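> The following block contains a protein sequence and its predicted model.
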Amino acid sequence: MKSTGRPAPSSGRALPATGGLASAWIALATLVVLSPTLARTPQSGDGAEIVTAALRGGVLHPTGFPLQAWIDRALVLVPGVSPALAIAAFGLLAHAAAAGLIADTLRRLGVVSAGRALGAAAFVLFPPLWTLAVEPEVFALAHLALAAAIWAAVRVGAGRARDGVALGLLGAAAAAQHPVALAGVPALAIAAWHGRERRPVRLGAFVATLVVGTIASYATLPLLRTASPWPDWGQLASARDVVAHALRVDYGSFSLSASQEVATRSALALWIRQLASWWNAGLLLVVLGAWMLATRRELRAARAPLAILLIAGLAILWRGRLPEQSYSDAYLEKLQGPATIAAALLLGLGAQRLADWMGARRSRALDVAAIAAIVAWLVLGWPRADASHDRTLELYARGVGQELPEGTVYVTEGEVEAFLGAPTASGVHFPLSAPMAPLEWYARQTAPRLEPRVLNGAPLEDWDQFLVGCFQRNLTVASTSPGIVTTPFGVPELRGLIYVARAGARAELTDTTIVAAVKLAPLAAELPVLRADTRPFSRFYVRRFARAYAGAAEALRRRGALELAAQADSIAASLDRGRDTKERGRRLDRFVADTRNAGFGR
């Protein structure tokens, strides 16, 4: 009979599979194949914060993510590479390394080539995790820590005291990266417990290294600060402040929900729905793998670590809820790592069980099916995960910056704008954030530095009174959200991507609305075509461009320029529907030329 490369187990322990595709080659293939999808610019509010903080200094939002923050500080110094691309490339490197560890974990559990490749690919090509791995984010490194924890638990044999130190360091790194990575700490504890020889010493070394390493990493958070007023989250003036930041007190330490409203989205329901869509029949292999893990004596070393990781991952997803919004799913998807890694490992085990049943002669069919599944995941997932051509947020910030009046008070209710800022001739202009104003440290420490003309060192205690103070000083207030600048003093005027509020203004749509739409055309022409089910943050901000042209259309209609209004409406529709960039470019060129010829837009 032909060998499958999987030795028969003896002494009740799984023997590593031999032959087949090496785990390192799986990691390298991941890195090479997915590198064309790397983002060149931030893709979300968190991404904007990560890149800006790495460049300017400052503490990231809770928990502070000290490991990622210090790594990012080094990455943005790489010459010849944009900061966002450098951070995204590091994330992909971590994603690829996690794939290699998942494959090697399966190898150590006796899974041969097809099962290893399928399990690793199920993780690597799962679109929510693929997307996070190719843009500036903190999750790819957290997923690597999780994969390393399970790999260590499966690998460790008779432990030694120094194994406890190594495992403790890995646990401290996980704790310093992201809370989801803590789901792997029980696996490390199990690895430290394994083996009777010098167990107390080994466990003591593990616990001491974990605790000291975690404390030391978070103690460095204040060192991330610079003279830059923003981005810089929290008031870390004491050890108590650092602990509060690490425990996410601003959000609620054990809360993964931003709202208690009735209309919310569930992270667990979303994950199950996406698994059913992307893995499809592969879910049967997950069930088969769980049965194999529970019944095979030689797999008992992996039983507890994998079960705990899966339960912890499901608990995280169960706790995750957000209000119904256009980009709620994008936030909830960030919680899927632990459960997906556990499920991918079970899928690989299930593939091996199926191969055992089929026998060596018929296992070729499984190899072909695995290759077909991997190719299908790659082809179908590519349009969703590919961020290489998406510069929407960068273009949006430039569009805001080009229309901001000199000396304006810039305010926002969006985190993308809050962390990305708006590039102007005098430098990057960071807005005051209305949603962050209730945070005491922001009101007392950050807001007065961002807008000293109005606050003059005093805290931002009341938003409406702040706006009154702006108008009393004859200052113009600008925002992309009209709701936060609407007052009895004047009607906000639409100018491109922003609304400008001045005391005494009485019209929302003016000639300036038309002029601003004309000026916005070069940036609108560069916007990517986005599929309806992809890039939720980018699609939201593309709609802001569409709003500018819809507003210009209405302003033109009121002036009797019906043909020009129809052109502006067609541009707004093409942006909303994600039509071809060439067709959109032609419409924009015609609109600009015809509008200027008619005496508008000069």
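Received the coordinates, thanks.
> starting at the chain centroid, how far to stretch 73-85?
18 Å (Cα atoms, centre = their mean, to the nearest Å).
> Using CSV, write out every CA atom in that stretch.
What follows is stretch 73-85, C-alpha atoms only, in CSV (Å, rounded to 0.1, in the frame of the first residue of the first chain):
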residue,chain,number,x,y,z
ARG,A,73,7.7,53.5,15.4
ALA,A,74,10.6,51.6,13.9
LEU,A,75,8.7,50.6,10.7
VAL,A,76,7.9,54.2,9.7
LEU,A,77,11.6,54.9,9.6
VAL,A,78,12.2,52.4,6.8
PRO,A,79,13.5,54.5,3.9
GLY,A,80,11.7,54.6,0.5
VAL,A,81,8.5,53.0,1.8
SER,A,82,5.4,54.9,2.8
PRO,A,83,4.5,54.5,6.5
ALA,A,84,1.2,52.9,5.9
LEU,A,85,2.7,50.4,3.5
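> Any buried residues in it, and which?
Within stretch 73-85, the residues that qualify as buried by neighbour count (16 or more other Cβ atoms under 10 Å) are 75-76, 83-85. Placement of C-beta: from N, CA and C, glycine included.
> Please flag which of those residues sit within helices.
Counting by DSSP state H, those place 75, 83-85 in helices.
> Using JSON lines, please lay out those residues together with pLDDT and distance to residue 582.
Below are these laid out as JSON lines (pLDDT from 0 to 100; distance: Cβ to Cβ, whole Å):
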{"residue": "75", "pLDDT": "97", "distance to residue 582": "35"}
{"residue": "83", "pLDDT": "96", "distance to residue 582": "31"}
{"residue": "84", "pLDDT": "97", "distance to residue 582": "27"}
{"residue": "85", "pLDDT": "97", "distance to residue 582": "26"}
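> for these, which one is nearest residue 207?
Closest to residue 207 out of those is residue 75 (31.8 Å), distances taken as Cβ to Cβ.
> Settle this for me: the closest one is touching residue 85, isn't it.
No. Using Cβ atoms under 8 Å, residue 75 makes no contact with residue 85, being 9.5 Å away.
> circling back: would you list the buried residues of stretch 73-85 in TSV and tack on distance to residue 477?
Output for the buried residues of stretch 73-85, formatted as TSV (distance: Cβ to Cβ, whole Å):
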residue	distance to residue 477
75	36
76	33
83	31
84	30
85	35
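> Looking at those, which one is closest to residue 180?
Using Cβ to Cβ, these come closest to residue 180 at residue 75, 21.3 Å.
> Neighbours of the nearest residue to residue 538 once chain neighbours are set aside, how many?
Nearest non-adjacent residue to residue 538, counting by Cβ to Cβ, 6 or more residues apart in numbering: residue 392, 3.8 Å away. Using other Cβ atoms under 10 Å, residue 392 has 27 other residues around it.
> same check, this time on residue 215
Quick note: residue 215 (other Cβ under 10 Å) scores 16 neighbours.
> Now do the buried residues in the helix or strand encompassing it.
For residue 215, the element it lies in under DSSP states H and E is helix 199-219. Of all the residues in helix 199-219, those buried under the rule 16+ other Cβ under 10 Å are 202-203, 205-207, 209-210, 213-215, 217-218.
> which is the next helix or strand following it?
helix 239-246.
> other SSEs contacting that next one?
Applying 3 or more Cβ pairs under 8 Å, 6 or more residues apart in numbering; DSSP states H and E, we find helix 239-246 packed against helix 199-219.
> how big is the angle separating the helix it packs on from helix 239-246?
Inter-element angle recorded for helix 199-219 and helix 239-246: 100 degrees (by axes from the mean of the first three to the mean of the last three Cα atoms, to 10 degrees).
> list the helices and strands helix 199-219 packs on?
Helix 199-219 packs on helix 66-75, helix 161-177, helix 185-193, helix 239-246, going by 3+ Cβ pairs under 8 Å, 6+ apart.
> These: which one's closest to residue 527?
Closest among those, once you apply Cβ to Cβ, is helix 66-75, at 27.2 Å.
> quick one: contacts of that closest one?
Residues outside helix 66-75 that contact it (Cβ atoms under 8 Å, 6 or more residues apart in numbering): 50-51, 53-54, 59-60, 83, 86-87, 90, 138, 141, 173, 176-178, 217-218, 220-221, 224.
> Now find how far off-centre that helix is within its chain.
16 Å.
> do stretch 50-61 as well
15 Å.
> Now do the end-to-end distance for it.
9 Å (Cα to Cα, to the nearest Å).
> contacting residues around it?
Counting by Cβ under 8 Å, 6+ apart, 42, 46, 49, 68-69, 72-73, 75-76, 83-84, 87, 136-138, 221-222, 224-228, 230-234, 236, 245, 250, 419-421 sit against stretch 50-61.
> ChimeraX command to pick out the buried ones of these?
A single ChimeraX command selects the buried members of these (16+ other Cβ under 10 Å):
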select :42,46,49,68,69,72,75,76,83,84,87,136,137,138,221,222,224,230,231,232,233,234,236,245,250,419,420,421
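> that's a strand at residue 530, yeah?
No. Counting by DSSP: H, G, I helix; E, B strand; the rest coil, residue 530 is not found in a strand; it is coil.
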